[in-house]
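Engineer: Predicted model and sequence follow; I will ask about them next.
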Amino acid sequence: MSDYKGVLHETAVRFPDTDIWMDSCGEEELDYGLERGIVGATSNPIIVGAVVKEELPYWEPRIRRLIAENPSATEDEITWLLLYEVGRERSKKLLPVFEKFKGRKGRLSIQVNAKYYRSRDKMVEQAVMLNTLGRNMQVKLPASAAGIEAMEEATYRGVSINATVSFTVAQAVAVAEAVERGLARRKAEGLPCDEMAPVCTIMIGRTDDWMKAATAAEGITVIPEALEWAGVAVIKKAYAIYKERGYTTRLLSAANRNVYHWSELVGGDLCQTINYKWQQRLNGGCDMPVEDRIGEPVPAEYLAALEKLGEFRKSYDEDGMKPEEFVRYGGFHDTIKTFLAGYDDLVCLVRGYMI
C-alpha cells in the first residue's frame, strides 16, 4: 500500500522543487491540499465568488456586517472589502508553510481589479494595499503592457507578484525582466529581497483552449493530440529560457485541462496550481508514474504540427509578440472577459444583500 495520498502528494514529497498549489482559497480545498503537501494557493474574483457561495452560511454574516458598518459604501466597495476579508483570513492557513520556508513558499495569491488592466498606476496602488493584508500575500497582476510596468514598480515596493492572464513565452520573458529591474532597484537602495517570491503564471490550459478555438475559426485541421500539448510546449520553452538566464521569478502552470499539464512538468523548479476537482481526479485515479519529465521534449510530430499555426508561433516564440500586443492575443481577451464577468457576478451577490 502506498504511503502517498495520490500522485500530487507523491510529487510534493519526491520532487520538492515542483511545488503543488491549490487553485482555490476555500477552506475544504485548502485543508485537503495541505494534507497532501501543497505550499501555496491562488484566488481571483471567480474563485472567491465560488468560495463565498459554497460557504455562504459562514460569509453571509460578514457581508451583512460590512454593509452595516459602511452605510455610504457602493456595492463595488463592499465587494472589495469582502475580497480583502477572504484573502486576509485564508492566507493565515498557509502561514506555517510561509514560516517554514522563510517566505519563499506558503503564499496566497490575490488579484488586483481586472478592470485596471490598462492602468499601471491603479494596479500599483492596489497591489501595495493588497500586500498589507497578510505577511504571506502575493499579488496577481495581468501580463498586459501596463501590467508589466506595474510589476516592476510593485516589485520595487516590496510586493511579491504573480503575473496572470499570461499564456505565452513572450509574456513570461517580459514579466521576468520586469521583476529583475524592480529587484535591482531595491538592491541598489539596500532594501531586502531575500523573502520575495515572484512567480509568472502561464495558463497552459487556456493556451490549449485558444489553439483549439483559433484552428476551428480558421477551418484548419490539426492532429487532435497536438492541440493538447500546446500549453506544455510553451511552458517547457519558457522554463528552458528561465533556467538559462537565471531569472528570480519562477514559472507557475495553471488551468489544467489534461494529465500532461501535471505529468510533463514534474521535476521542474516551478509551481503548479491545480483546482480541487483536478486534484481529486489525479489523486484518486491516475496511474501515470510520478517521474521527472520536465526535460523531456514535446513529441516531435506534435510540435511540428503546432509550429504550422500562426497563433502557436505567437505563443511559442520569444519574440512572437511585443508587450503592446499582449492584450490583443485571443487567450488574453477571452480570459480577461471571464475574470470581469466573475467579478460582476460577485458584485451581484453583494447587491442582493444591499437592496
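Structural biologist: Alright, I've got the coordinates. Numbers count the residues shown, from 1 in each chain.
Engineer: List the residues that contact L191.
Structural biologist: Contact analysis of L191 by C-beta atoms under 8 Å, 6 or more residues apart in numbering lists G158. For the C-beta atoms, the positions are set from N, CA and C on the backbone; glycine is no exception.
Engineer: Can you show me the helices along the stretch 101-250 of the chain?
Structural biologist: Taking DSSP state H, counting those that start in this stretch as the test, the helices found in the stretch 101-250 of the chain are 120-130, 145-156, 169-188, 204-218, 224-227, 230-245.
Engineer: quick one: which of the ones you listed is nearest Y260?
Structural biologist: For the helices of the stretch 101-250 of the chain, the distance to Y260 is smallest for helix 230-245, at 5.3 Å, taking C-beta to C-beta.
Engineer: Packing partners of the next helix or strand after the closest one?
Structural biologist: Note on helix 230-245: by DSSP states H and E, the next helix or strand toward the C-terminus is strand 250-253. For strand 250-253, the contact count by 3 or more C-beta pairs under 8 Å, 6 or more residues apart in numbering; DSSP states H and E identifies strand 199-202, helix 230-245, strand 270-274 as packing neighbours.
Engineer: Columns distance to K93 and mean pLDDT on top of the ones you listed, output as TSV?
Structural biologist: As requested, those are exported to TSV (distance: least, C-beta to C-beta, whole Å; pLDDT from 0 to 100):
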stretch	distance to K93	mean pLDDT
strand 199-202	19	98
helix 230-245	28	98
strand 270-274	15	98
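Engineer: tell me the most buried of the ones you listed?
Structural biologist: Of the helices and strands packed on strand 250-253, the one with the most neighbours on average (mean count of other C-beta atoms under 10 Å) is strand 199-202, at a mean of 28.
Engineer: Could you pull up the residues touching the closest residue in space to G33 that isn't next to it in sequence?
Structural biologist: Leaving aside its sequence neighbours, G33 sits nearest to M22 (C-beta to C-beta, 6 or more residues apart in numbering; 3.9 Å). With contact taken as C-beta under 8 Å, 6+ apart, M22 is in contact with 29-30, 32-33, 38, 40-42, 273-276, 279.
Engineer: next one: S253
Structural biologist: S253 neighbours (C-beta under 8 Å, 6+ apart): 201-202, 204, 231, 235, 261, 265, 270-273.
Engineer: and the closest residue in space to it that isn't next to it in sequence, bridged to which residues?
Structural biologist: Distance criterion C-beta to C-beta, 6+ apart; nearest residue to S253, sequence neighbours excluded, is Q272 at 4.8 Å. Counting by DSSP bridges, Q272 forms beta bridges with I20, S253.
Engineer: Am I right that Q272 is in contact with W262?
Structural biologist: Yes. At 6.3 Å, Q272 and W262 qualify as touching, with contact defined as C-beta atoms under 8 Å.
Engineer: Same question for stretch 72-81: list its buried residues.
Structural biologist: By neighbour count on 16 or more other C-beta atoms under 10 Å, the buried set for stretch 72-81 is 75, 78-81.
Engineer: out of the residues you listed, which are inside strands?
Structural biologist: Among the buried residues of stretch 72-81, none falls in strands (DSSP state E).
Engineer: can you list those in CSV and add pLDDT and distance to M151?
Structural biologist: Output for these, formatted as CSV (pLDDT from 0 to 100; distance: C-beta to C-beta, whole Å):
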residue, pLDDT, distance to M151
E75, 97, 29
I78, 98, 28
T79, 97, 24
W80, 97, 21
L81, 97, 25
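Engineer: List just the nearest of these to R104.
Structural biologist: Taking C-beta to C-beta as the measure, W80 is the one of the buried residues of stretch 72-81 closest to R104, at 28.6 Å.
Engineer: thinking again about what came up before, so for K53, which of the helices and strands packed on strand 250-253 sits nearest?
Structural biologist: Evaluated over the helices and strands packed on strand 250-253, closeness to K53 peaks at strand 270-274, with 20.6 Å, by C-beta to C-beta.
Engineer: elements contacting the closest one?
Structural biologist: Contacts defined by 3+ C-beta pairs under 8 Å, 6+ apart place strand 270-274 against strand 18-22, strand 40-42, strand 250-253, helix 260-263.
Engineer: Tell me which of the ones you listed is the most buried.
Structural biologist: strand 40-42 (a mean of 27).
Engineer: In CSV, please show the C-alpha coordinates belonging to the host helix or strand of E301.
Structural biologist: Assigned by DSSP H and E, E301 belongs to helix 300-306. Output in CSV follows, covering the C-alpha atoms of helix 300-306 (Å, rounded to 0.1, in the frame of the first residue of the first chain):
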residue,chain,number,x,y,z
ALA,A,300,8.3,16.0,-32.5
GLU,A,301,5.3,15.1,-34.5
TYR,A,302,3.0,17.3,-32.4
LEU,A,303,5.4,20.2,-32.2
ALA,A,304,5.8,20.2,-36.0
ALA,A,305,2.1,20.3,-36.4
LEU,A,306,1.7,23.2,-33.9
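Engineer: on that earlier part again, for the helices of the stretch 101-250 of the chain, which one sits closest to M321?
Structural biologist: Closest to M321 of the helices of the stretch 101-250 of the chain, according to C-beta to C-beta: helix 169-188, at 4.6 Å.
Engineer: Keeping just the C-alphas, turn that closest one into PDB.
Structural biologist: Output of helix 169-188 as PDB, limited to C-alpha atoms (Å, rounded to 0.1, in the frame of the first residue of the first chain):
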ATOM      1  CA  VAL A 169       6.800  32.800 -23.900                       C
ATOM      2  CA  ALA A 170       6.900  36.500 -24.800                       C
ATOM      3  CA  GLN A 171       4.800  37.400 -21.800                       C
ATOM      4  CA  ALA A 172       6.800  35.200 -19.500                       C
ATOM      5  CA  VAL A 173      10.100  36.700 -20.500                       C
ATOM      6  CA  ALA A 174       8.700  40.300 -20.200                       C
ATOM      7  CA  VAL A 175       7.500  39.500 -16.700                       C
ATOM      8  CA  ALA A 176      10.800  38.100 -15.600                       C
ATOM      9  CA  GLU A 177      12.700  41.000 -17.000                       C
ATOM     10  CA  ALA A 178      10.400  43.500 -15.200                       C
ATOM     11  CA  VAL A 179      10.900  41.700 -11.900                       C
ATOM     12  CA  GLU A 180      14.600  41.800 -12.300                       C
ATOM     13  CA  ARG A 181      14.500  45.500 -12.900                       C
ATOM     14  CA  GLY A 182      12.400  46.000  -9.800                       C
ATOM     15  CA  LEU A 183      14.700  43.800  -7.700                       C
ATOM     16  CA  ALA A 184      17.800  45.700  -9.000                       C
ATOM     17  CA  ARG A 185      16.300  49.000  -7.900                       C
ATOM     18  CA  ARG A 186      15.600  47.500  -4.400                       C
ATOM     19  CA  LYS A 187      19.100  46.100  -4.100                       C
ATOM     20  CA  ALA A 188      20.600  49.400  -5.200                       C
END
